[in-house]
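Engineer: Provided below for reference: sequence and predicted model.
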Amino acid sequence: MELQRGVVGDCSSFPELAAAVAQERVVEHTARLLAAARGHGAPVVHCTAGFTADRRGSPANAPLITAMLRRPEHLLEDTAATELVPELGAEATDLRSHRRHGVAPFGGTDLHATLQGLGVRTVVACGVSLNLGIVGLCVEAVDLGYYVVVPRDTVAGIPGGYGQAVLDNTMSLVATLTTVDDLIGALG
């Protein structure tokens, strides 16, 4: 989720989050997992966010969103900022679910219908952030009837230590926590 250049990459609007992602090697671990998933025929769906230049379709209904919308250059669609970080090695077979609103990827997007159409029963959540988006993704997925797996080494939050607390005290209640190595091993 949101492993985009303008979120965690070379043109990040969130330098502290980008630094945490780099320090914890989130993109590197996620890229390994995505390659293994593709190799086993599992679908890969990237959940991205971005805004139109005039901000149409993006309600300023939360402090975080209001702050982002005030920055005219922030996550503009069809710019480098909304591209996936290249290290993920996105492939033509990957799908993308994009949103212009909210903080989680299911509500008001095609994500649920896409996953249903693919026959997906388990969502593996990777990306950012454990502060808000990944938590929202996982809760929404559970509410929609999916099983959820979170590889600890593919997610990050800020400040330091906070992400670990979220994993241990919140995510463990709605998701199976694992690592990339263990998940790849389970693929066979």
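Structural biologist: Looks like it came in fine.
Engineer: surely residue 47 is in a strand?
Structural biologist: Yes - under DSSP: H, G, I helix; E, B strand; the rest coil, residue 47 falls within a strand.
Engineer: what is the neighbour count of it?
Structural biologist: Using other CB atoms under 10 Å, residue 47 is surrounded by 23 other residues. Where C-beta positions appear, they are placed from N, C-alpha and C, glycine not excepted.
Engineer: secondary structure class for the nearest residue to it once chain neighbours are set aside?
Structural biologist: Counting by CB to CB, 6 or more residues apart in numbering, residue 105 is the residue found nearest to residue 47 once chain neighbours are left out, at 3.8 Å. Recorded secondary structure, residue 105: coil (three-state DSSP).
Engineer: quick one: contacts for residue 105?
Structural biologist: By CB atoms under 8 Å, 6 or more residues apart in numbering, the residues touching residue 105 are 1, 47, 97, 99, 111, 133, 136, 137, 140.
Engineer: how much space between residue 111 and residue 46?
Structural biologist: 10 Å (CB to CB, to the nearest Å).
Engineer: for this structure, just list every one of the helices.
Structural biologist: Under the criterion DSSP state H, the chain carries helices at the ranges 5-8, 15-23, 26-39, 63-69, 111-118, 133-143, 162-166, 172-174, 180-187.
Engineer: what comes up buried for the least confident helix or strand in the chain by mean pLDDT?
Structural biologist: Using mean pLDDT, DSSP states H and E, helix 63-69 stands out as the lowest-scoring helix or strand of the chain, at a mean of 87. Within helix 63-69, the residues that qualify as buried are 65, 68, counting by 16 or more other CB atoms under 10 Å.
Engineer: all set, thanks.
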